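Trainee: After the sequence you'll find the predicted model.
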Amino acid sequence: MADETENAIDALLQETRWFPPSDEFRAKANVSNDAVYETARNDREGYWAGWAEQLDWQTKWDKVLEWEPPYAKWFVGGKLNASHNCLDRHLATKPGKLAIVWEGEPGDVRSYTYGELHAEVSRFANALKKLGVTLGDRVAIYMPLVPEAIVAMLACARIGAAHSVVFGGFSSEALRDRIQDAGAKVLITATSGYRRGNLVPLKKLADAAVVECPTIEHVVVVMRRAAADEADDTVTVNARDRWYHELISRESADCEPVWVDSEQMLYTLYTSGTTGKPKGIIHTTGGYLTGCYATTKWVFDLKDDDVYWCTADIGWVTGHSYVVYGPLANGATVFIYEGAPDWPKQDRFWQLVEKHKVTIFYTAPTAIRAFMKWGESLPKSHDLSSLRLLGSVGEPINPEAWMWYHRNIGGERCPIVDTWWQTETGAIMITPLPGIVATKPGSATKPFPGIEAKILNQQGQPVEVGGGYLAITEPWPSMLRGIWGDPERYEKQYWAKWPGIYFTGDGARVDADGYFWLLGRVDDVMNVAGHRIGTMEVESALVDHPAIAEAAVVGIKHEIKGTAIAAFVIVKSSAIDAAKSNLAAFEQELKQHVSDKIGAIARPEKILLTVDLPKTRSGKIMRRLLRDIAEGRALGDVTTLADPTVVASLKERYEEES
Ligand code: PRX
């Protein structure tokens, strides 16, 4: 944990401003009595069972929780279907209510009522069955943010298949690795997706991936074409390919959901860890849906007439839990937008809020910092009065960004919910309840009722006030159930630090009011613009380049992204002259190489050539020293580490200083 951050937070704590819920908000809030915390604590299982009862079950559970650390089963013996809970159960009361309102980057708009979405999902589920997909199969989804991506997820859920969504910004190789690891049978993709006016050729990237994926039997392709674009017509169609629109046109809108066990895998989602290989986090059905349903209802204070917009892509867990499962299980109207916030202009989001009368807006601090940079005149030029609640997720929100968001987007009237959680936790864990909890800019406040979060020291003892490691000390319904194909890694990664206690990998502080202040990762995972990337993943990509012998990657401070990637590389002696002859081009080549291997989100900001890497005696790279060098701190004058003696002397000086 950086001392600087701690000092800044200490300073902040002294003069913290409180933002209590307004009387008006509290009066209408879904939950306004703080007794819920106590009730949940006194009978946690009963409390969660109360939430689960609000969902539809075909067979009720016999037992709420079976906990054999680190393996939990929730709602044991119960049977349900996630797609039924997101669709069918709303049909009786609100068949004509809008479920999805979508706007594409070029401005094309489509919407689906719950009735229409139910029909489309059922048709596609029938089509998947005909393609041989059945209970327990894995289906990969590699798509832009179009309604069909949500249809695909729910169609898998309807027939008991697990989806594995791969973010459309990932490279072909990243897609290949994830398909191979999950052993997916079918891949659902699109011809392309729009990004800043360009077409990202998803089908082409998918084709390249699938060549090395023998488990894939069929590729289903959604035609993503805005009216004026012809480019999509040129995609290649192979014998194993099927057009989505042709498939659904042949199928009936009747598809009985497959009632699955509460512990049936709903999906796997790959996320970065401390090794070079991303891990497939497993979520199951009953507990996950209960967690998403409960948190969406209380944290976002969701009402029947809300227009809810979470800006996350479905490629991330936020898209799974808070674009799809949480809001749809609540019967909400979900707005989604395909493209970039600055396309065609930097006011696109505010234009969308105004046009679609968005009431709840949930985004990431990195986006808020970009909006700040672009200036307050942009939101001011739009009518944002429909907004009534704002959310933040993905990384710590700095108090300045919080205040800017509060003033310029929330008009000083909207509560802000800063929600801390992870791919692994499935649902929001630390957050204000907007009708109850007074917020402090920069703090995610308190654990959601029914969640036991603590700050522990290295030995696992609780810290009452102060800093340490964030841990979850009791099981919760939406917790991960494992890592696909790697139970050992699951046990070691999350449960080995303190037996029976979940280690989050985050550092945090708790203040005298019991408020949590998140400080970032304490492991080798970076959070770049709210996206998790492992230092080792980027290092592996770099050493894969023929000119690179060794690489070390660190996260450095970045004004917008929060963290950016700096890579120290040792160039092979055979390649050094060529590299030095055109350094700028060589750096570009390396950056592009990482982008091709992983995706643009992993592209290093800075490349530093070195002849040696500072290591501890046990051979561990001294990342803190590298960070200091990359950020130009303390050891200032060093711009290149081309001389081996420089590294040695730096190391010495550093060791003396720290
Ligand atoms: O470091 C924490 C940070 O994001 C990590 C989880 O990343 P991921 O699994 O990709 O999920 C992101 C969306 C839930 C955490 O370990 N993080 C997430 N939300 C916050 C946060 N850090 C501080 N404040 C948050 N609100």
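Mentor: Great, that's in hand.
Trainee: Residue 526 is in contact with residue 505, correct?
Mentor: No - with contacts defined as Cβ atoms under 8 Å, residue 505 does not count as touching residue 526, sitting 11.6 Å away. Yep, even glycine has a C-beta here, placed from its N, CA and C like the rest.
Trainee: Specify which residue of those two has the higher count of neighbours.
Mentor: Remark: of residue 505 and residue 526, residue 526 carries more neighbours, 25 against 21, as counted by other Cβ atoms under 10 Å.
Trainee: Check the secondary structure at that one for me.
Mentor: Following DSSP: H, G, I helix; E, B strand; the rest coil, residue 526 is assigned to strand.
Trainee: residues contacting it?
Mentor: Applying Cβ atoms under 8 Å, 6 or more residues apart in numbering to residue 526 gives the contacts 532-535, 553, 555, 563, 565.
Trainee: For the residue of the stretch 151-300 of the chain found nearest the ligand, give me its contacts.
Mentor: Scanning the stretch 151-300 of the chain for the residue nearest the ligand gives residue 271, at 5.2 Å (criterion: Cβ to the nearest ligand atom). Shown in contact with residue 271 (Cβ under 8 Å, 6+ apart): 278-279, 281, 317, 423-424, 532.
Trainee: which stretches of the stretch 151-300 of the chain have low pLDDT?
Mentor: 226-234 (pLDDT under 70).
Trainee: And the strands in it, which stretches?
Mentor: 162-165, 186-190, 193-195, 198-200, 218-222, 241-243, 260-261, 265-271, 279-284 (DSSP state E, counting those that start in this stretch).
Trainee: Walking through the stretch 251-400 of the chain, point out its helices one by one.
Mentor: 286-299, 317-319, 326-329, 348-356, 365-374, 377-380, 399-404 (DSSP state H, counting those that start in this stretch).
Trainee: what's the answer for the stretch 51-200 of the chain, then?
Mentor: Counting by DSSP H, counting those that start in this stretch, the stretch 51-200 of the chain has helices at residues 82-83, 89-91, 114-130, 147-158, 172-182.
Trainee: Turn these into JSON lines, columns for distance to the ligand and mean neighbour count.
Mentor: Below are these laid out as JSON lines (distance: least, Cβ to the nearest ligand atom, whole Å; neighbours: other Cβ atoms under 10 Å):
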{"stretch": "helix 82-83", "distance to the ligand": "19", "mean neighbour count": "28"}
{"stretch": "helix 89-91", "distance to the ligand": "26", "mean neighbour count": "17"}
{"stretch": "helix 114-130", "distance to the ligand": "25", "mean neighbour count": "22"}
{"stretch": "helix 147-158", "distance to the ligand": "17", "mean neighbour count": "27"}
{"stretch": "helix 172-182", "distance to the ligand": "15", "mean neighbour count": "22"}
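Trainee: ok, residues contacting stretch 508-516?
Mentor: 6, 9, 13, 420, 430, 440, 443-447, 453, 455, 463-470, 517-519.
Trainee: In ChimeraX, select just the buried ones from the residues you listed.
Mentor: Entered in ChimeraX, the line below selects the buried ones among the contacts of stretch 508-516, by 16 or more other Cβ atoms under 10 Å:
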select :6,9,13,420,430,440,443,444,445,446,447,453,455,467,468,469,470,517,518,519
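Trainee: Considering only the contacts of stretch 508-516, which also neighbour the ligand?
Mentor: 420, 444, 518 (Cβ under 6 Å from any ligand atom).
Trainee: quick revisit: how much space between the residue of the stretch 151-300 of the chain closest to the ligand and residue 318?
Mentor: With distances taken as Cβ to Cβ, to the nearest Å, residue 271 is found 12 Å from residue 318.
Trainee: for residue 421, same thing?
Mentor: 9 Å.
Trainee: With residue 455 instead?
Mentor: 24 Å.
Trainee: Please verify my assumption that residue 479 contacts residue 72.
Mentor: Yes - with contact defined as Cβ under 8 Å, residue 479 counts as touching residue 72 (6.1 Å).
Trainee: Quick check: neighbours shared by the two?
Mentor: With Cβ under 8 Å, 6+ apart as the test, residue 479 and residue 72 both reach residue 287.
Trainee: Have a look at these two and say which one is more surrounded.
Mentor: Neighbours were counted for residue 479 and for residue 72 using other Cβ under 10 Å; residue 479 has more, 23 against 20.
Trainee: Checking that one next. Helix, strand or coil?
Mentor: Going by three-state DSSP: residue 479 is coil.
Trainee: Could you list which residues are in contact with residue 432?
Mentor: 299, 415-418, 438-439, 444-446.
Trainee: and those residues, which of them are in strands?
Mentor: Of the contacts of residue 432, the ones assigned to strands by DSSP state E are 416-418.
Trainee: What's the ChimeraX syntax to select whichever of these are buried?
Mentor: Applying 16+ other Cβ under 10 Å to the ones in strands among the contacts of residue 432 leaves a buried subset, and the ChimeraX line that selects it is:
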select :416,417,418
